[in-house]
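Engineer: structure for the following, please:
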Amino acid sequence: MDQRLNVYEERMKKSESNLLEEYTTIRAGRANPHVLDKIRVDYYGTPTVIQQVANVTVPEARMILIQPWEASMVKEIEKAILTSDLGLNPTNDGKAIRLVFPELTEERRKDLVKDVKKKGEQARVAVRNIRRDANDALKKMSKANEISEDEEKQLMDQVQKMTDKFIANIDKAVDDKSKEILTV
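Structural biologist: Numbers count the residues shown, from 1 in each chain. All right, here's what the predicted structure looks like:
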């Protein structure tokens, strides 16, 4: 691979990894501590990730147990979960918070799969935009006689192969997550 294309490959990798990160926060009926990744609690005036102020465990397949290191944080964590878009009701016993994940209904599963596909399409569009940026840069280099026409064609072929590879990875991620959600 040509060194001049590394910038574009890095950007495509970033688009793919952003999608995979998004997918970890989508709950598929099983308890996954990553659903808490985007939630911040007020820890002495600083927005902090729950994992940094509490011990987060999965004692059962459909339950997350959050044990704050300071008793004063129980209320803060509970409030943060209630105001988030998780749609879960935390149970608080004064020392710990339990999040019980209900079984997903068929309709909810289908909605989640639609969301997964939408996020996948956004990632594919991002990769295609990066391809366009790369091709535009190559055309400019060719016009300015920095590279030959043959070189431009070879580099554009490499960009297309790179794009195809990342689109295939994204498609596989969409399929895998969709299967995970639809599996009862």
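Engineer: got the buried residues for the longest helix along the chain?
Structural biologist: Scanning the chain for the longest helix, with DSSP state H as the assignment, gives helix 106-143. For helix 106-143, burial by neighbour count (16 or more other Cβ atoms under 10 Å) applies to 109, 112-113, 116, 119-120, 123-124, 126-127, 130-131, 134-135, 137-138, 141-142. For every residue, glycine as well, the C-beta is placed using N, CA and C.
Engineer: now stretch 48-59
Structural biologist: 48, 50, 53, 54, 56.
Engineer: mind putting the residues you listed into JSON lines with secondary structure and pLDDT?
Structural biologist: Converted to JSON lines, the buried residues of stretch 48-59 look like this (DSSP: H, G, I helix; E, B strand; the rest coil; pLDDT from 0 to 100):
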{"residue": "48", "secondary structure": "strand", "pLDDT": "87"}
{"residue": "50", "secondary structure": "helix", "pLDDT": "86"}
{"residue": "53", "secondary structure": "coil", "pLDDT": "88"}
{"residue": "54", "secondary structure": "strand", "pLDDT": "89"}
{"residue": "56", "secondary structure": "strand", "pLDDT": "88"}
